[in-house]
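Chemist: Next comes the sequence, and after it the predicted model I'd like to discuss.
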Amino acid sequence: MNKQFNQFRFWAIGLATSWLALFVLVPSLMVLVTSFLTRDADFLIQYKFSLEGWKSVFDPTFISLLWDSLSMSMITAVICLAIAYPFVMCLMGLPQRWRGIVLFLLIVPFWTNSLVRIYAIQFLLGKKGLINEALQFVGLIDKPLDMLYSQFAVIFGLSYILLPFMILPIYSSMERLDFKLLDAAKDLGASASQRLMRITLPLTLPGIIAGCLMVVLPAMGMFFVADLLGGSKHALLGNVIKNQFIQTRDWPFGAALSILMILLLSFMLWLYYRATKMSNREGGINDSNF
Amino acid sequence: MTGCQPLLQLSGVSKTYADNTVLDALDLTIYDGEFLTLLGPSGCGKTTVLRIIAGFEKEDQGQVMLDEKDISILKAEHRPVNTVFQSYALFPHMTVYDNIAFGLIMHKVPKADINERVLEALRMVRLESFAQRKPHQLSGGQQQRVAIARAVVNRPRLLLLDESLSALDYKLRQEMQIELKRLQRQLNITFVYVTHDQEEALSMSDRIVVLNKGKVQQIGTPREIYETPVNLFVARFIGEINQFDGHVVRRIDDKHVEVVAEGADWVVKTDYPFAANDKVHVLLRPEDVRLTKPELAANTVHIEGHIHECNYKGKTLDSYIRLSTGTKVIASEFFDEDDPDFDYRLGQKVALQWITGWEVVLPYEQTI
């Protein structure tokens, strides 16, 4: 039986490993190689070494684009955090049974394709969209607001799509918080805001960091959100990469950008790993005993 | 030690969850400087009393007075009361020092005083060299001491301890019991200790409050509770006790009545105004039972029975006797070093007696 299990393990792990090697590692290496090749108008690339692709990466116009993309992602994370944290605090006030139902309701819309939902936001924010119509109806505005095809619209769309990715990690860290600690803080004279700042926030910090990463990282790449809601002006890193491959046909530059993005995201994941490891060592919530 | 000044008064305090009455019109006075223990089985409401005093729960009815001021309306963070939690509830992200300083910072004590008072508290619980450790780097007993230091550093009028020793192993618990008594004497703070462990209650308290089903059963010194329980619940909950059911035959004088129980006539001492034919319980602690050979007791009142089981307990020999009426009795006897034959065979016939006045006589209770 043990032998059978060993064989099963060999095939299960082997299959997964080869799948990943074939469809993740090899293509990534191909992208890496492509970034060092020469651009060609007819055949896309020439098999000749070149640093042109990487040179474009350090072009000032591109750097400012990268900065725009990063700042939009970070604003999205801040907005998601501002909504998610109070939301989770309210959620914890509900009985256990209700929490599951609320979280379920939160997830349900996300089973619909996100592209479809972005189209829905287009209708919502448009000149004749629901929001403008409603505001005009109650008489708050005379002319429809210009909301679509702006940075606001992109951030609105990203925040909507990515909100659950902020809520879930915060919820899981809040759930592990020992509520006796809040009683203890209250007992020692801490007001509600002092309990939040000194106990709840520090102890749910790993969840906050995880949530921010899970919002910032995908936000950089969601080119369809910027395409549909931002028009041509407000591009994300993902849009720039997509354009290099499909429109400008500068594959080495596109490949170099992809590699840059992978490095950037890996660096953030590493930071997160370090942060959680540190907070675990400094007294996580579960290892109260030696 | 027990001052006569009442510190905290609960009057008519009731608490109901859903339709489960946890506290039923509870009256309780806690005196300044005493070590009071709330003792009872789990679910008797003792922790709820603590949580109401601390301000974590609001009483449905009744009044909580501290120093003759109503504190019912005061939030937990504003009450001059501190709690040592069962699970310690130390802040895992703070050092021992910061844990202890927390209450002082919250109360805006000047910085220079904070340092001095934290160090003093650390000295008191003998953890000076652990100030910069995190709670997870401490043993259970050390965490316990930090929890106590964190509470007493605020110099509360009242310190509440919620089954604070129950997570420790037997030996450590004994040491901490002595430590707690020492701290209480040294600090002269009123302690209210909650436990379901009767041994702990007896050894630490100035007074014990026995609670059951949200009602006070008896309040008294450990000695009063153990030696003169007022009802069957208290008698059975505190220590082991043998129970003989019988009825009064006649009154002898104002302190003594004659009772028939287990087929024998006994003269028992009682303060109750029993009359002839009243049904009573005669209760006897195992250590008050005298066992002798039947031939030695022939001329005195005794009950006969057979040794059913013997348990060697080190200090004592516990014998389980089945009387001819079927009642089971436990006798706990100290070893007599001068008597090498001190031992019983299983099945051996013995005579059971006790000294008049060592028994407790209670009016008959409908037992369910």
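Modeler: Happy to help now that I have it. Computed from a predicted structure; not experimentally measured.
Chemist: Off-centre distance for the longest helix along chain B?
Modeler: The single longest helix within chain B, with elements called by DSSP state H, is helix B:170-187. Relative to its parent chain, helix B:170-187 has a centroid offset of 15 Å by Cα atoms, centre = their mean, to the nearest Å.
Chemist: How about stretch A:83-100?
Modeler: Counting by Cα atoms, centre = their mean, stretch A:83-100 comes out at 22 Å from the chain centroid.
Chemist: List the buried residues in that stretch.
Modeler: Within stretch A:83-100, the residues that count as buried by 16 or more other Cβ atoms under 10 Å in any protein chain shown are A:A84, A:Y85, A:F87, A:V88, A:L91, A:R99. Heads up, the C-betas are built off the backbone N, CA and C, glycines and all.
Chemist: A:L148: which of the residues you listed is nearest?
Modeler: Proximity of the buried residues of stretch A:83-100 to A:L148 (Cβ to Cβ) peaks at A:A84, which lies at 25.2 Å.
Chemist: Dump the buried residues of stretch A:83-100 into TSV; add pLDDT as well.
Modeler: Output for the buried residues of stretch A:83-100, formatted as TSV (pLDDT from 0 to 100):
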residue	pLDDT
A:A84	96
A:Y85	96
A:F87	96
A:V88	95
A:L91	94
A:R99	92
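Chemist: can you list the residues of the stretch 51-200 of chain A near chain B?
Modeler: Counting by Cβ under 8 Å from any Cβ of the partner chain, the stretch 51-200 of chain A comes close to chain B at A:178, A:180-181, A:183-191, A:194, A:198-199.
Chemist: Give me the subset of the residues you listed lying in helices.
Modeler: Secondary structure from DSSP H places A:K180, A:L181, A:D183, A:A184, A:A185, A:K186, A:D187, A:Q194 of those in helices.
Chemist: So how do I select the buried members of these in PyMOL?
Modeler: Restricted to buried positions by 16+ other Cβ under 10 Å, the PyMOL selection for these reads:
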select buried, chain A and resi 181+183+184+185+186+187+194
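Chemist: What's opposite the residue nearest to B:E333 when sequence neighbours are not counted in the beta bridge?
Modeler: What sits nearest to B:E333 in space, not counting adjacent residues and going by Cβ to Cβ, 6 or more residues apart in numbering or on different chains, is B:L317, at 5.4 Å. Beta bridges link B:L317 to B:Y312, B:E333, judged by DSSP bridges.
Chemist: since we're on B:L317, how many residues are nearby?
Modeler: Counted with other Cβ atoms under 10 Å in any protein chain shown, residues neighbouring B:L317 total 19.
Chemist: residues contacting it?
Modeler: Contacts for B:L317 (Cβ atoms under 8 Å, 6 or more residues apart in numbering or on different chains) come out as B:C310, B:N311, B:S332, B:E333, B:F335, B:F342, B:D343, B:Y344.
Chemist: Any idea how many residues pack against the fourth one?
Modeler: Okay, so that is B:E333. 16.
Chemist: again, but for the fifth one
Modeler: A total of 13 residues lie near B:F335 under the criterion other Cβ under 10 Å.
Chemist: these two touch, right, it and B:T316?
Modeler: Yes. Applying Cβ atoms under 8 Å as the test, B:F335 and B:T316 come out as touching, 7.4 Å apart.
Chemist: that older thread, mind putting the contacts of B:L317 into CSV with pLDDT?
Modeler: Below are the contacts of B:L317 laid out as CSV (pLDDT from 0 to 100):
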residue, pLDDT
B:C310, 86
B:N311, 84
B:S332, 90
B:E333, 85
B:F335, 72
B:F342, 65
B:D343, 72
B:Y344, 79
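Chemist: Can you tell me which of those residues are buried?
Modeler: When these are checked for burial by 16+ other Cβ under 10 Å, the buried set is B:S332, B:E333, B:Y344.
Chemist: OK, contacts around the second one?
Modeler: Going by Cβ under 8 Å, 6+ apart, B:E333 touches B:E287, B:V289, B:L291, B:T316, B:L317, B:S319.
Chemist: same deal with A:P95?
Modeler: So A:P95 contacts nothing (Cβ under 8 Å, 6+ apart).
Chemist: what are the ranges of the helices in the chain?
Modeler: Looking at chain A here, since you left the chain open. Ranges of helices within chain A are A:2-20, A:26-34, A:52-57, A:60-92, A:96-107, A:114-125, A:130-138, A:151-176, A:180-187, A:192-195, A:201-221, A:223-229, A:237-246, A:251-281, based on DSSP H.
Chemist: not what I meant, chain B
Modeler: Taking DSSP H as the test, the helices found in chain B are B:46-54, B:96-106, B:111-124, B:140-152, B:170-187, B:198-204, B:222-227, B:232-237.
Chemist: where are the low-confidence patches of the stretch 1-150 of chain A?
Modeler: A:1 (pLDDT under 70).
Chemist: Of the contacts of B:L317, just say which sits nearest to chain A.
Modeler: Ranked by distance to chain A (Cβ to the nearest Cβ), those are led by B:N311 at 35.0 Å.
Chemist: That closest one contacts B:A331, correct?
Modeler: No. Counting by Cβ under 8 Å, B:N311 stays clear of B:A331, with 10.7 Å between them.
Chemist: joint contacts of those two?
Modeler: In terms of Cβ under 8 Å, 6+ apart, B:N311 and B:A331 are both contacted by the residues B:D318, B:S319.
Chemist: where does the residue sitting nearest the centre point of chain B land on pLDDT?
Modeler: For chain B, the residue nearest the mean C-alpha position is B:A201 (3.1 Å; Cα atoms, centre = their mean). Predicted confidence (pLDDT) for B:A201: 91.
Chemist: Now do the contacts for it.
Modeler: B:T37, B:L39, B:Y193, B:T195, B:I208, B:P222, B:I238.
Chemist: didn't the first one look like it was pressed against B:Q198?
Modeler: So that's B:T37. No. The pair B:T37 and B:Q198 fails to qualify as a contact (Cβ under 8 Å) at a distance of 9.5 Å.
Chemist: Tell me which of these two has more neighbours.
Modeler: More crowded of B:T37 and B:Q198, by other Cβ under 10 Å: B:T37, with 28 against 19.
Chemist: beta partners for the more buried one?
Modeler: Residues in beta-bridge contact with B:T37 (DSSP bridges): B:Y193, B:I208.
Chemist: what about it, distance to chain A?
Modeler: With distances taken as Cβ to the nearest Cβ, to the nearest Å, B:T37 is found 20 Å from chain A.
Chemist: Roughly how far does B:Q144 sit from B:A151?
Modeler: The spacing between B:Q144 and B:A151, counted by Cβ to Cβ, to the nearest Å, is 11 Å.
Chemist: pull the CA atoms of stretch A:82-97 into PDB?
Modeler: The C-alpha trace of stretch A:82-97 is given here as PDB (Å, rounded to 0.1, in the frame of the first residue of the first chain):
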ATOM      1  CA  ALA A  82     -10.900  52.300   3.800                       C
ATOM      2  CA  ILE A  83     -14.000  50.400   2.800                       C
ATOM      3  CA  ALA A  84     -12.900  46.900   3.800                       C
ATOM      4  CA  TYR A  85     -11.600  47.600   7.300                       C
ATOM      5  CA  PRO A  86     -14.800  49.200   8.700                       C
ATOM      6  CA  PHE A  87     -16.800  46.600   6.800                       C
ATOM      7  CA  VAL A  88     -15.000  43.700   8.500                       C
ATOM      8  CA  MET A  89     -15.300  45.400  11.900                       C
ATOM      9  CA  CYS A  90     -19.100  45.600  11.400                       C
ATOM     10  CA  LEU A  91     -19.000  42.000  10.200                       C
ATOM     11  CA  MET A  92     -17.400  40.800  13.400                       C
ATOM     12  CA  GLY A  93     -20.300  42.300  15.300                       C
ATOM     13  CA  LEU A  94     -22.700  39.800  13.600                       C
ATOM     14  CA  PRO A  95     -23.300  36.300  14.900                       C
ATOM     15  CA  GLN A  96     -21.000  33.700  13.400                       C
ATOM     16  CA  ARG A  97     -23.900  32.300  11.300                       C
END
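Chemist: could you dump the ones in helices among the residues of the stretch 51-200 of chain A next to chain B to a markdown table with pLDDT?
Modeler: Below are those laid out as a markdown table (pLDDT from 0 to 100):
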| residue | pLDDT |
| --- | --- |
| A:K180 | 92 |
| A:L181 | 95 |
| A:D183 | 94 |
| A:A184 | 95 |
| A:A185 | 96 |
| A:K186 | 95 |
| A:D187 | 95 |
| A:Q194 | 95 |
